[in-house]
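Novice: Here is a sequence with its predicted model. Questions after.
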Amino acid sequence: MQRKKAHIDARIKKASIDKGIIVLLTGNGKGKSSSALGMVCRALGHNMQIAIVKFLKGTQDTGEDVFLTKQTNIRTITMNTGFTWDTQDRELDKKMALETWQQAEQYFGDKYIDLVVLDELTYMINYKYLDEKVILNTLNNRQKNQHIIITGRSATKDLIAIADTVSEITDIKHAFRSDIKAQKGIDL
Ligand code: ATP
Ligand code: MG
């Protein structure tokens, strides 16, 4: 234990760099967006300024949508998707994704924004709604102390490469597959 403590103390001492980081939360398991929101709560506790950009919003407002809009240190942009299973319209979705991204761009150069959440961004890249090179370039050139959190399944290797912290959440079980409907406070 003593040796372990010495090792850990040395590692803590060595980690002296202070900078904005990119956190990427991917994988098929539940917990990506809610983890991002956990970090939003942490940031709020430190009185930090936060921007949340939601790509692919569901039809129903989630508990956090209701709660977070009441927070003065948070500004939110939500993609106005035309997507429904009945009227799948790729061109409209692409246009909406681009509009959302263009609105989000104001935050990356804003030194007063400490944390930007890009919720479900991976799909915009995977469906080719947005140009990945443009995204990577913009993120690389953001304010240097700004943190970014990206969520969504199937993150590309280039997104993984630019992120500083990457977690892949594995799907072991989900209540939905036992016919349990989405539960308030857990799923929405
Ligand atoms: P959460 O917002 O709960 O953290 P997530 O961001 O990891 O979930 P998404 O793919 O964005 O996952 O889906 C959000 C919704 O879908 C939530 O209601 C969540 O419970 C549900 N969900 C997430 N993963 C699964 C899964 N593997 N099977 C079934 N439903 C899922
Ligand atoms: Mg999510």
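Specialist: Structure's in. What do you need? Ligands and ions are numbered 1, 2, ... in the order given.
Novice: ok, longest helix in this structure?
Specialist: As assigned by DSSP state H, the longest helix anywhere in the chain is helix 90-108.
Novice: Check which helices and strands that one sits against.
Specialist: With contacts taken as 3 or more Cβ pairs under 8 Å, 6 or more residues apart in numbering; DSSP states H and E, helix 90-108 sits against strand 50-54, strand 74-78, strand 115-119, helix 132-140. C-beta coordinates here come from the backbone N, C-alpha and C atoms, glycine included.
Novice: How far away from the center of its chain is it?
Specialist: 15 Å (Cα atoms, centre = their mean, to the nearest Å).
Novice: same thing with stretch 176-188?
Specialist: For stretch 176-188 - counting by Cα atoms, centre = their mean - the centre lies 21 Å from the chain centre.
Novice: Just list whatever residues bridge to the residue nearest to the spatial centre of the chain.
Specialist: Nearest residue to the geometric centre of the chain (Cα atoms, centre = their mean): I150, 3.1 Å. When bridges are called by DSSP bridges, I150 pairs up with L24, L118.
Novice: any idea how far it is from D9?
Specialist: To D9, I150 is 32 Å away according to Cβ to Cβ, to the nearest Å.
Novice: can you check K19 too?
Specialist: The value you get for K19 to D9, if Cβ to Cβ is used, is 22 Å.
Novice: Would you confirm that the residue nearest to the centre of the chain contacts D158?
Specialist: No: look at I150 against D158 with Cβ atoms under 8 Å: they stay out of range, at 11.9 Å.
Novice: So which bits of this structure are right by ligand 1?
Specialist: Applying Cβ under 6 Å from any ligand atom, one finds that the chain approaches ligand 1 through 28-34, 151, 171, 174, 176, 182, 187-188.
Novice: Which ones among these lie within helices?
Specialist: Using DSSP H, the residues of the chain next to ligand 1 in helices are K32, S33, S34.
Novice: Among the residues you listed, which one sits closest to ligand 2?
Specialist: Among those, S33 lies closest to ligand 2 (Cβ to the ion), at 3.1 Å.
Novice: Pretty sure the closest one sits against T122.
Specialist: No: using Cβ under 8 Å, S33 is not in contact with T122; the gap is 11.6 Å.
Novice: Between those two, which contacts overlap?
Specialist: Contact criterion Cβ atoms under 8 Å, 6 or more residues apart in numbering; residues bridging S33 and T122 by contacting each: T151.
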